[in-house]
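Participant: Okay, sequence plus prediction incoming.
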Amino acid sequence: MKAGFIAVVGRPNVGKSTLMNKIVNEKVAIVSNKAGTTRDSIKGILTIQDTQYVFIDTPGIHKPKHLLGEHMTNTAISALKEVEAVIMVLDGTQEISTGDQFVFDKIMKAPNTPRIAIINKIDLMKDEEIEEKIGEIKAKLGNFHKIVTMSAEYAIGIPKLLEAIDPFLEEGIMYYPEDMYTDMPMYRMIIEIVREKILTRTRDEIPHSIAVEIINVERRENGKDKYDINIYVERDSQKGIVIGKKGALLKAVGTDARKDIETLLEKKIYLNLWVKVKDNWRKKKPFLKEMGYNLDEL
Ligand SMILES: Nc1nc2c(ncn2[C@@H]2O[C@H](COP(=O)(O)OP(=O)(O)OP(=O)(O)O)[C@@H](O)[C@H]2O)c(=O)[nH]1
């Protein structure tokens, strides 16, 4: 029996959430093609026979531009010091950027934590490009215990990754029951579903600063509970986009989200979505607290 916590880091859009989902084979982290959509640390848990891997999907580490950004970075760094290993995901199709360098520098703030690099998206790469990328990582970043190549999208390379992590796990421990795949609370999952549906349908028109909050859950006698959910945007123009022409977009988001939530809860629900403008909400501490962020770390 052995187990350990593994932090997954990398600049936005390299494929961390996709990797997490493929590894634990369940939808635990929000995936979208927009940068910075994963905000909270979410654990995906994989138990194979007597080995348990507990993954922490960290928010995209980037240079803090505002309070929420700083919070994301601080949370990620403190998590790195407490894990058995850290895996840094790189997008193999892109040059190593200052963004990657920034993330690597952050990892090095926990110098005693073993580091594994993942070259992701190899389905889009030629063999010689993969070889070159390995060289580039060694030259520009260096200092990894292992470099693993994979395609998270097509679930290629996962066994190799687990094998690379194995030596760093702790003997004699199992943290969670075998059938547990995430410790994310149900409400958190509902919020992430709604956020994902909005971001998918609004493409690049809405920034990831959007916030979602469950304001009321009404238990109904017929068993079909009613959920009222607020969607906070920063500007009136964004409110218009999320609502859409004659409310069409919001209606579509509501239908998509309701279906996923019903699957998650294994029962029918009523879902009401409301769009509100909170002016510059990311800079306002009291409001951040309402949203459940830990202000001590800000
Ligand atoms: N072709 C290809 N696309 C991939 C692969 N892995 C992820 N993607 C795509 O890359 C995009 C970003 O993936 P995410 O998993 O959301 O990335 P992330 O690193 O979690 O991003 P943030 O949440 O913004 O930090 C999505 O459109 C994925 O479908 C891969 O192995 N191959």
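Facilitator: Right, received. Where do you want to start?

Participant: what separates residue 248 from residue 257, distance-wise?
Facilitator: 15 Å (CB to CB, to the nearest Å). C-beta here means a position set from N, CA and C on the backbone, and glycine is covered the same way.

Participant: Please apply the same query to residue 48.
Facilitator: Relative to residue 257, and taking CB to CB, residue 48 is found at 32 Å.

Participant: Please apply the same query to residue 277.
Facilitator: For residue 277, the distance to residue 257 - CB to CB - is 20 Å.

Participant: and the two? which has more neighbours close in?
Facilitator: Ranked by neighbour count (other CB atoms under 10 Å), residue 277 and residue 257 place residue 257 first, with 23 against 13.

Participant: Test my guess that that one contacts residue 272.
Facilitator: No: shown here, residue 257 and residue 272 do not form a contact pair, counting by CB atoms under 8 Å, at 11.0 Å.

Participant: So for stretch 164-172, what gets flagged as buried?
Facilitator: By 16 or more other CB atoms under 10 Å, the buried positions in stretch 164-172 come out as 164-165, 168-169.

Participant: How far does it sit from its chain's centre?
Facilitator: Averaging C-alpha coordinates over stretch 164-172 and over its chain gives two centres that are 23 Å apart (CA atoms, centre = their mean, to the nearest Å).

Participant: The closest residue to the ligand within the stretch 101-250 of the chain and residue 251: what is the separation?
Facilitator: Nearest residue of the stretch 101-250 of the chain to the ligand (CB to the nearest ligand atom) works out as residue 153 at 3.3 Å. The gap separating residue 153 from residue 251 is 30 Å, by CB to CB.

Participant: same thing with residue 111?
Facilitator: Residue 111 is 51 Å from residue 251, by CB to CB.

Participant: And residue 170, by the same measure?
Facilitator: Separation of residue 170 from residue 251 (CB to CB) stands at 49 Å.

Participant: In a helix, the residue of the stretch 101-250 of the chain closest to the ligand, correct?
Facilitator: No: assigned with DSSP: H, G, I helix; E, B strand; the rest coil, residue 153 falls outside any helix and is coil.

Participant: That one reaches residue 17, doesn't it?
Facilitator: No: using CB under 8 Å, residue 153 is not in contact with residue 17; the gap is 11.2 Å.

Participant: which one of these two has more residues nearby?
Facilitator: More crowded of residue 153 and residue 17, by other CB under 10 Å: residue 17, with 25 against 15.

Participant: host element of the more buried one?
Facilitator: Counting by DSSP states H and E, the element that carries residue 17 is helix 16-24.

Participant: how far out from the middle of the chain is that helix?
Facilitator: 9 Å.

Participant: same for that helix, what does it pack against?
Facilitator: If contacts are counted by 3 or more CB pairs under 8 Å, 6 or more residues apart in numbering; DSSP states H and E, helix 16-24 sits against strand 2-9, strand 42-48, strand 51-57, helix 158-165.

Participant: Tell me which of these lies nearest to residue 222.
Facilitator: Closest approach to residue 222 among the helices and strands packed on helix 16-24 (CB to CB): strand 42-48, 32.7 Å.

Participant: close to the ligand, is that closest one?
Facilitator: No: contact of strand 42-48 with the ligand (CB under 6 Å from any ligand atom) is absent, the minimum separation being 10.6 Å.

Participant: So what's the gap between that strand and the chain middle?
Facilitator: Remark: strand 42-48 is offset 14 Å from the chain centroid, using CA atoms, centre = their mean.

Participant: Using PDB, write down the CA coordinates of that strand.
Facilitator: Extracted in PDB, the C-alpha atoms of strand 42-48 (Å, rounded to 0.1, in the frame of the first residue of the first chain):
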ATOM      1  CA  ILE A  42      -9.400  20.100  -7.000                       C
ATOM      2  CA  LYS A  43      -8.200  16.700  -6.200                       C
ATOM      3  CA  GLY A  44      -8.700  13.800  -8.600                       C
ATOM      4  CA  ILE A  45      -8.100  10.500  -6.900                       C
ATOM      5  CA  LEU A  46      -6.900   7.400  -8.700                       C
ATOM      6  CA  THR A  47      -6.600   4.100  -6.900                       C
ATOM      7  CA  ILE A  48      -5.000   1.100  -8.700                       C
END
